[in-house]
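1. take a look and give me a structure for this.
(one chain, ligands or ions: 1)
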Amino acid sequence: MALPIEDYALIGDRGTAALVGKDGSIDWLCLPRFDSPACFAALLGTEDHGRWLLAPADEVVETSRRYVDGTALLETTFTTAGGELVLLDVMPTGDNRADVVRRLTCTRGTVTVRHDWVVRTDYGKVRPWVTRQRAHGNDVVVAVAGPDKFVLRGPRLPHGHDGHHDDEFEMSAGDEMTFSTTWIHSWHDVPEPLGFDERIRTTTQQQREWSGRSPDDVPHADVVRRSLLTLLLMTHDDTGGIVAAPTTSLPEDFGGERNWDYRFCWLRDAALTLESLLGAGYEEEALEWRRWLLRAVAGDPADLQIMYTVDGGRELPERELDHLPGYADSRPVRIGNGAVSQRQNDVLGEVMVALELARNAGLDETRNSWALQRALVDELADHWDEADNGLWEIRGPQRHFTHSRVMVWVAFDRAVRAAEDHGLPGSVERWRELRDRVREEILEKGFDAERGTFTQHYDTREVDASLLTIPLVGFLPGDDPRVLGTIDAVCADLMRDGLLLRYRTQTGVDGLAGDEHPFLACSFWLVSALAHAGRRDDAEVLMDRLCGLTNDVGLLAEEYDTERGRMAGNFPQAFSHLALVQAALALR
Ligand SMILES: OC[C@H]1O[C@H](O[C@H]2O[C@H](CO)[C@@H](O)[C@H](O)[C@H]2O)[C@H](O)[C@@H](O)[C@@H]1O
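-> Numbering: from 1, shown residues only. I've put the predicted structure just below:
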């Protein structure tokens, strides 16, 4: 059975990423890309759905973990009655290969190690054909199924029993053993082995150099550095696409149906990630992402999607995997995401903010990059008043969501500013007129004057945590009475044990059964809104609490179940980490 979500840590090579459990088992890995089918899917099922375990066979009396300073190399230390074993997990970056390297070092006494290598392709469904072969002068174990080939290397290889390749062996103080699994296309020959020491050294250097540029002058600078590194791991090296999370179907409601696939590039999540990276001083990432964006949305602006595959593809049909029981029996397990065809009017606003920040950071517009923004804003000008599914991608009826309307204002506002401040060409008069019109409309229809708060949509008196972004995007100043009233109303209606829900599910607005837990990004938005409102002390108290919720290696899922003290939803979630960075920057 899978571990609590917070007992996993992320390793990755910026092509894909794996979840390593505190028990030494890799329970989730999609190869070679974030959105490829998983070959280790025990996270959503059992060990028979694929996993790779290296851990003491003896009873473990203590486990501690850490990332090697400034890197995403994970070090797990197991203490047993007889000794101590350190497991280093690395996915080397920058070499266009897909390898997972696991190095065991016995640092004290004697430890019996258990090895279990269970590859199942197609998300735990297909048992590959596994053989022992000779390649490049060594024995290797090779698993083949359809297009995929997995090569296990190591100084001592496990043997096959009942579909598992397992082994037990003793290690004594000073012993070191390195194993690796490499993915290749099944029609290719087994590649050369990696030079482990050299790849570990370069990966360490690259990641240290990158994370060393993270700001020191923010509260919780270490947590911020880890968040930035986690966002980097979710940015695809080759294409520049940024995924929302490396997992699918970790439940928002344990045992419920709120299970979604996040292994894709949402324009919203990616644009917000970029804002955080730019705010923290990482500028070159903006260029890569803008290139990704230009390729992904190229074509008729009317065909803009709200999400794409990692390489900018448009097809990500949602389907259910019946063969997987789901994490904590949360079914269905879904791959693909039906929200792809939704109308979400906020998205262009977020994109325009990120591209404006990039411009202000010195990234010049190319003819193409501005022409595209201009075409998208003109397209929005023809449809700005249509109802939508909102940023929460609700599957209930479309509405006039206030947050979406505010982001429409943002899109026109940033387009006008691009023309005014940077002399970029476009239908500025029309954009200006629509910007002012949507603003008036929001203040009239999206504001409940009696209660002194903005509302979730135009036909309700309910509130929504997304309204906390109103001061953050500059729609109103942070100390405007309407903003202060909204903060109070959101806290009064949506606070659960000190953390914020996105909205009240009980109203049925999202068209789904069940409930959910506080959404961590919303609580970070509250920190930022409080800071903008001049309530710095309150903001700091909440920020301290939220940073205290990160797991032992600094990671956050999408939501937090305050009753059980457990993380919920996909993990780690870019939205949570990017909002953490933004909150820290707001408190700078
Ligand atoms: O709440 C139902 C929706 O949940 C998912 O959307 C959430 O995740 C997205 C990626 O991080 C984020 O952009 C969005 O704001 C969140 O609501 C899911 O992807 C949707 O299919 C689902 O309808």
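
2. and the chain, which residues reach the ligand?
-> Counting by Cβ under 6 Å from any ligand atom, the positions of the chain adjacent to the ligand are 244, 260, 262, 266, 268-269, 337-339, 391-393, 395, 510, 575. Glycine gets a C-beta too; all of them are placed from N, C-alpha and C.

3. now, which of those lie within strands?
-> Per DSSP state E, strands hold the following members of the residues of the chain next to the ligand: residue 266.

4. rank the residues of the chain next to the ligand by pLDDT and give me only the lowest.
-> Note: of the residues of the chain next to the ligand, the lowest pLDDT belongs to residue 510, at 90.

5. is it true that that one touches residue 395?
-> Yes: if you go by Cβ atoms under 8 Å, residue 510 and residue 395 touch, sitting 6.2 Å apart.

6. give me the buried entries from the residues of the chain next to the ligand.
-> Buried by 16 or more other Cβ atoms under 10 Å: 244, 260, 262, 266, 268-269, 337, 339, 391-393, 510, 575, out of those.

7. helices of the chain, residue ranges please.
-> Along the chain, the stretches classed as helices by DSSP state H are 121-124, 196-211, 221-233, 267-279, 284-296, 347-360, 367-383, 402-422, 428-445, 481-494, 520-532, 536-547, 574-586.

8. hey, which helix or strand in the protein has the poorest pLDDT?
-> Lowest by mean pLDDT, DSSP states H and E among the helices and strands of the chain is helix 284-296, with a mean of 91.

9. same for it, what does it pack against?
-> Judged by 3 or more Cβ pairs under 8 Å, 6 or more residues apart in numbering; DSSP states H and E, helix 284-296 is in contact with helix 267-279, helix 347-360, helix 367-383.

10. so what touches the longest one?
-> Right, the one you point to is helix 367-383. 290, 293-294, 297-298, 301-302, 304, 345, 348, 351-352, 355, 408, 411-412, 415, 418, 424-427, 430-431, 434 (Cβ atoms under 8 Å, 6 or more residues apart in numbering).

11. excluding sequence neighbours, find me the nearest residue to residue 581.
-> residue 276 (4.0 Å; Cβ to Cβ, 6 or more residues apart in numbering).

12. could you report the pLDDT at that neighbour?
-> pLDDT at residue 276 comes out at 96.

13. point out where the stretch 151-300 of the chain drops to low pLDDT.
-> For the stretch 151-300 of the chain, no stretch is flagged by pLDDT under 70.

14. list the contacts of residue 577.
-> So residue 577 contacts 227, 228, 230, 231, 276, 555, 556 (Cβ under 8 Å, 6+ apart).

15. measure the second one to residue 130 for me?
-> Counting by Cβ to Cβ, to the nearest Å, the gap between residue 228 and residue 130 amounts to 39 Å.

16. break the protein into its domains for me.
-> 5-207, 213-586 (automatic domain parsing).

17. for the residue in the stretch 101-250 of the chain positioned nearest to the ligand, give its distance to residue 356.
-> At 3.7 Å from the ligand, residue 244 is the closest residue in the stretch 101-250 of the chain, using Cβ to the nearest ligand atom. Distance from residue 244 to residue 356, counting by Cβ to Cβ: 22 Å.

18. same deal with residue 62?
-> Taking Cβ to Cβ, one finds residue 62 at 50 Å from residue 356.

19. look at the two and report which has more neighbours.
-> A side-by-side neighbour count of residue 62 and residue 356, using other Cβ atoms under 10 Å, places residue 356 first with 21 against 9.

20. contacts only, for the nearest residue to the more buried one once chain neighbours are set aside.
-> Excluding its sequence neighbours, the residue lying closest to residue 356 (Cβ to Cβ, 6+ apart) is residue 414, at 4.8 Å. Contacts for residue 414 were tallied using Cβ under 8 Å, 6+ apart; they are 349, 352, 353, 355, 356.

21. make CSV out of those and add pLDDT and distance to residue 36.
-> Output for the contacts of residue 414, formatted as CSV (pLDDT from 0 to 100; distance: Cβ to Cβ, whole Å):
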residue, pLDDT, distance to residue 36
349, 98, 32
352, 97, 32
353, 97, 31
355, 95, 30
356, 96, 34
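
22. can I get these in JSON lines with distance to residue 536?
-> Below are those laid out as JSON lines (distance: Cβ to Cβ, whole Å):
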{"residue": "349", "distance to residue 536": "27"}
{"residue": "352", "distance to residue 536": "29"}
{"residue": "353", "distance to residue 536": "24"}
{"residue": "355", "distance to residue 536": "30"}
{"residue": "356", "distance to residue 536": "27"}
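
23. ranking these by neighbours, who comes first?
-> residue 349 (27 neighbours).

24. nearest to the ligand within the stretch 451-588 of the chain, name that residue for me.
-> Closest point on the stretch 451-588 of the chain to the ligand, by Cβ to the nearest ligand atom, is residue 575, at 4.9 Å.

25. ok so, going back, which of the residues of the chain next to the ligand lies closest to residue 495?
-> residue 392 (17.8 Å; Cβ to Cβ).

26. in the chain, where's the longest strand?
-> In the chain, with assignment by DSSP E, the single longest strand is strand 98-118.

27. ok, residues contacting stretch 474-483?
-> 406, 409-410, 413, 439, 442-443, 447, 452-454, 470-471, 529, 531-534.

28. which of those count as buried?
-> By 16+ other Cβ under 10 Å, the contacts of stretch 474-483 give 406, 409-410, 413, 439, 442, 447, 453-454, 470-471, 529, 531-533 as buried.

29. tell me which two of those residues sit farthest apart.
-> Among the buried ones among the contacts of stretch 474-483, 439 and 531 lie farthest apart (Cβ to Cβ), at 23.8 Å.

30. returning to what we had before: and the helices of the chain as a markdown table, adding distance to residue 252?
-> Shown next, in a markdown table, are the helices of the chain (distance: least, Cβ to Cβ, whole Å):
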| stretch | distance to residue 252 |
| --- | --- |
| helix 121-124 | 20 |
| helix 196-211 | 30 |
| helix 221-233 | 20 |
| helix 267-279 | 16 |
| helix 284-296 | 27 |
| helix 347-360 | 21 |
| helix 367-383 | 30 |
| helix 402-422 | 19 |
| helix 428-445 | 29 |
| helix 481-494 | 15 |
| helix 520-532 | 12 |
| helix 536-547 | 18 |
| helix 574-586 | 12 |
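
31. residue 165 is nearest to which of those?
-> helix 121-124 (14.9 Å).

32. just the buried ones from the contacts of helix 367-383?
-> 290, 293-294, 297, 301, 304, 345, 348, 351-352, 355, 408, 411-412, 415, 418, 424, 426, 431, 434.

33. most distant residue from the middle of this protein?
-> Within the chain, the residue lying farthest from the chain centre (Cα atoms, centre = their mean) is residue 137, at 40.2 Å.

34. for it, give its distance to residue 167.
-> Residue 137 is 21 Å from residue 167, by Cβ to Cβ.

35. go on, residue 58?
-> Taking Cβ to Cβ, one finds residue 58 at 15 Å from residue 167.

36. by neighbour count, which of the contacts of residue 577 wins?
-> These, ranked by neighbours (other Cβ under 10 Å): first place residue 556, 31 neighbours.

37. wouldn't it be in contact with residue 569 here?
-> No: Residue 556 is beyond contact range of residue 569, at 9.7 Å (criterion: Cβ under 8 Å).
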